[in-house]
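**Student:** structure of the sequence below:
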Amino acid sequence: MKWLVAIIAVAVLFSAAAMIALPRLVDVPRVQALVASNASQALGRPVRFSSLSLSLFPLPGVTLHDLEIAEDPAFGTAPFLTLERGRLQLRLRPLLAGRLEFAELALSKPVISVIRDRNGRLNIASLGVPAPSEPRTSPARPPRPGSGGTTTSAPLALPTAVKITDGIVTYTAQATGTPARYRIEGLALTVDATSPQMAFQGHARLMPGDVAIRVTDGILGASTAQALASAAVRANVTLDAGDIAPVVASASRSVMPVSGGLNGTLAVAGTVGAPTATGEIRLTRLAIARTNPKCSEPKRRTLEVPRITLAAGWRNGQLTGQPLQAEVARGTVTARLTADIAHGVRVHLDDLAVRGMALEPVLVDFLCQGYAVAGPLDLTGALAFTATRPLETLSGPGSFKIGSGKVVGRQALALIGDVVRVGGAVSSVLNADLPPSTFASPVDFDAITATYRVTDGVVNTRDLEYVSRAMKVAVAGDYTLVSGAMNLDVTVKHGRGEMRARVTGTAAAPTIRIVPASVLQNLDRERVESGLRELLKRFR
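**Tutor:** Got it, this is the predicted structure:
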């Protein structure tokens, strides 16, 4: 007990002595001026704080109040970083010798603003770039002449460790249109600068979307001779999200919400200003929702996508997936994905291949298409579109084949039926063998094939062919995806002849003009005359 009491007494005496000696060891106004000047010189930005206070526990240190780091003027006037309090821990042994050396900088709840301009330049690119023409000033009082304590005017050594807790980082991409904004919350980051290459690790959550981000094995090759943006960086990053719906909504502002889980691992390299990343991203249990007033109840339909995997890469504001692999409607989809994120979300799918995808869950159950068919789809081609307006901007060439299936869309059945019915007013009395009742219910077909090109949402084909036992239908012309506008030449070949028609208007209200000569060709003159006489009798 005597030893314990003695130890406590010594500790109390030491603490009291330190509290008395600390103000004498540290010239507060001079330290305040040196901290502001050296920090401004190191960052290449004005650094300001309202005041500086000394503290002894748990270790000697100084606290900076109302800290603010200025923004690059090219990006605005709002501060780059704001912080109520930041603490610089002092090394005890140099302090007792009359020297100031900082061991650690602790920042609690900093708010950092990261901005990418329309040219892809980050506001952090100028951090660490000296600006000698700008005067280095501090709000602190001038040093007291003849004061005791630390008197060195040499540059202060930077802290060998930095800790950030509960930080907030806002990210704004000033691309065309409405800027994309994201927010990183709960940032916890530790940086060890005891060696020339800084080691770092941390974690945070990306909002909206609540995506958990964890960074490990981080190395930053920074030096005082280069800007922070030019510093080499490498790290391992893991991503995990229960639902990506808020992230997709913020990125694309799409009318079709997308939900599902995300996880992935990425290896980061490059520089701070131009990082690159490679790895794998997995999307699971995706649900693409769409509300269509043309659908029967329920109006809101959902397409399930069990899995999408990306051999992901990131460079110069572009996300790549080479390859992208997906499972959709019991079929597979592969492609080379390129998404330009920096200049609006523009998506390119090259080497697109669809194999064995069932069309009924997509065209009937999800899209409620009036021209829907059921059958397995094989497709090759390429597509490009803007995420905010996918149908209006869809472009690319391709070819497809739909295997044995059925025409199930009411508008498709009605259109073919109307072509036959209008022509049938003549052909039926000429003993043609295609009664209009053929199209009163879904009909079987052997195959549908076509090559096509889509340009800004307008599909053009010259060789679409529908083949069934009853007939062959050839289609050439244009179809607009959004409005349903049609400008098509349709040829129906049946048992004893063919009919040609011009189809215009819209998918909901088509206008059909039969080419009369096509109904009468290949028929003998006597039958035509006899048939026409019978037809005219019906209109008396």
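**Student:** quickly list what the residue lying closest to residue 76 once chain neighbours are set aside is bridged to.
**Tutor:** Closest residue in space to residue 76, ignoring its immediate chain neighbours: residue 115 at 7.6 Å, by C-beta to C-beta, 6 or more residues apart in numbering. (Glycine included, C-beta is placed from N, CA and C.) Per DSSP bridges, the residues bridged to residue 115 are residue 172.
**Student:** state the distance from residue 115 to residue 233.
**Tutor:** Relative to residue 233, residue 115 is positioned 19 Å away (C-beta to C-beta, to the nearest Å).
**Student:** helix/strand/coil for residue 363?
**Tutor:** The assignment at residue 363 comes out as helix when based on DSSP: H, G, I helix; E, B strand; the rest coil.
**Student:** isn't it right up against residue 370?
**Tutor:** No: counting by C-beta atoms under 8 Å, residue 370 is not a contact partner of residue 363; they are 9.6 Å apart.
**Student:** intersection of neighbour lists for the two?
**Tutor:** Residues touching both residue 363 and residue 370 comprise residue 409, with contact defined as C-beta atoms under 8 Å, 6 or more residues apart in numbering.
**Student:** give me the more crowded residue out of these two.
**Tutor:** Taking residue 363 and residue 370 together and counting by other C-beta atoms under 10 Å, residue 363 has the greater number of neighbours (21 against 18).
**Student:** so what's that one up against?
**Tutor:** Contacts of residue 363 were listed using C-beta under 8 Å, 6+ apart, and they are 369, 372-374, 409.
**Student:** looking at pLDDT only, which of these scores worst?
**Tutor:** For those, the least confidently modelled position is residue 409, at 71, judged by pLDDT.
**Student:** ok, what's across the strand from residue 107?
**Tutor:** According to DSSP bridges, the residues that bridge with residue 107 are residue 86, residue 164.
**Student:** against residue 347, how distant is it?
**Tutor:** Computed with C-beta to C-beta, the distance linking residue 107 and residue 347 is 38 Å.
**Student:** which one of these two has more residues nearby?
**Tutor:** Set residue 107 next to residue 347 and count neighbours by other C-beta under 10 Å: residue 107 wins out with 22 against 19.
**Student:** if I pick the more buried one, what's in contact with it?
**Tutor:** With contact taken as C-beta under 8 Å, 6+ apart, residue 107 is in contact with 83, 86, 162-165, 167.
**Student:** report the buried members of the residues you listed.
**Tutor:** Buried by 16 or more other C-beta atoms under 10 Å: 83, 86, 162-164, 167, out of those.
**Student:** what ranges do the helices span in the chain?
**Tutor:** Chain-ordered helices for the chain, with DSSP state H as the definition, fall at 2-25, 28-43, 92-96, 245-252, 390-393, 410-427, 516-520, 525-537.
**Student:** which elements pack onto the second one?
**Tutor:** Same thing as helix 28-43. The elements that helix 28-43 packs onto, with contact taken as 3 or more C-beta pairs under 8 Å, 6 or more residues apart in numbering; DSSP states H and E, are strand 47-48, strand 51-55, strand 61-69.
**Student:** figure out which of the ones you listed is closest to residue 270.
**Tutor:** Ranking these by distance to residue 270, with C-beta to C-beta as the measure, places strand 61-69 first at 24.1 Å.
**Student:** and the contacts of that closest one?
**Tutor:** Outside of strand 61-69, the residues that reach it under the criterion C-beta under 8 Å, 6+ apart are 26, 28, 31, 35, 43, 45-55, 79-90.
**Student:** and of the buried ones among the contacts of residue 107, the nearest to residue 307?
**Tutor:** Distance to residue 307, by C-beta to C-beta, is smallest for residue 167 among those, at 34.3 Å.
**Student:** quick one: contacts for the closest residue to that closest one other than its chain neighbours?
**Tutor:** Leaving out its chain neighbours, the residue that sits closest to residue 167 by C-beta to C-beta, 6+ apart is residue 187, at 3.4 Å. Listed by C-beta under 8 Å, 6+ apart, the contact partners of residue 187 are 164, 166-169, 202-204.
**Student:** before we move on, back to that, for the buried ones among the contacts of residue 107, give me a markdown table that also has pLDDT.
**Tutor:** As requested, these are exported to a markdown table (pLDDT from 0 to 100):
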| residue | pLDDT |
| --- | --- |
| 83 | 89 |
| 86 | 84 |
| 162 | 88 |
| 163 | 90 |
| 164 | 91 |
| 167 | 92 |
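**Student:** could you dump those residues into CSV and include distance to residue 452?
**Tutor:** Converted to CSV, these look like this (distance: C-beta to C-beta, whole Å):
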residue, distance to residue 452
83, 57
86, 61
162, 57
163, 58
164, 53
167, 51
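**Student:** which residues in the stretch 201-350 of the chain form strands?
**Tutor:** If DSSP state E, counting those that start in this stretch is used as the criterion, the strands of the stretch 201-350 of the chain fall at 211-221, 232-241, 258-270, 275-291, 300-315, 318-328, 331-340, 346-358.
**Student:** pull the first one out as PDB, backbone CA atoms only.
**Tutor:** Translated: strand 211-221. Taking C-alpha atoms only, strand 211-221 is exported to PDB below (Å, rounded to 0.1, in the frame of the first residue of the first chain):
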ATOM      1  CA  VAL A 211     -22.900   0.800 -49.400                       C
ATOM      2  CA  ALA A 212     -20.200  -0.300 -46.900                       C
ATOM      3  CA  ILE A 213     -16.700   0.500 -48.100                       C
ATOM      4  CA  ARG A 214     -13.600  -1.000 -46.400                       C
ATOM      5  CA  VAL A 215     -10.000  -0.100 -47.400                       C
ATOM      6  CA  THR A 216      -7.100  -2.200 -46.400                       C
ATOM      7  CA  ASP A 217      -3.300  -2.400 -47.200                       C
ATOM      8  CA  GLY A 218      -3.300   1.200 -48.500                       C
ATOM      9  CA  ILE A 219       0.000   2.700 -49.500                       C
ATOM     10  CA  LEU A 220       0.400   6.400 -50.500                       C
ATOM     11  CA  GLY A 221       3.700   7.400 -52.100                       C
END
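**Student:** pLDDT averaged over that strand, what's the number?
**Tutor:** The average of the pLDDT scores along strand 211-221 is 92.
**Student:** and it, what does it pack against?
**Tutor:** Using 3+ C-beta pairs under 8 Å, 6+ apart as the contact definition, the elements that strand 211-221 packs against are strand 180-192, strand 198-207, strand 232-241.
**Student:** now those in CSV, with mean pLDDT?
**Tutor:** Output for the helices and strands packed on strand 211-221, formatted as CSV (pLDDT from 0 to 100):
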stretch, mean pLDDT
strand 180-192, 87
strand 198-207, 91
strand 232-241, 93
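**Student:** tabulate those (JSON lines), appending distance to residue 392.
**Tutor:** Putting the helices and strands packed on strand 211-221 into JSON lines (distance: least, C-beta to C-beta, whole Å) gives the following:
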{"stretch": "strand 180-192", "distance to residue 392": "20"}
{"stretch": "strand 198-207", "distance to residue 392": "29"}
{"stretch": "strand 232-241", "distance to residue 392": "29"}
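**Student:** for residue 173, find the nearest of the ones you listed.
**Tutor:** For these, distance to residue 173 was read as C-beta to C-beta. The smallest value, 4.5 Å, belongs to strand 180-192.
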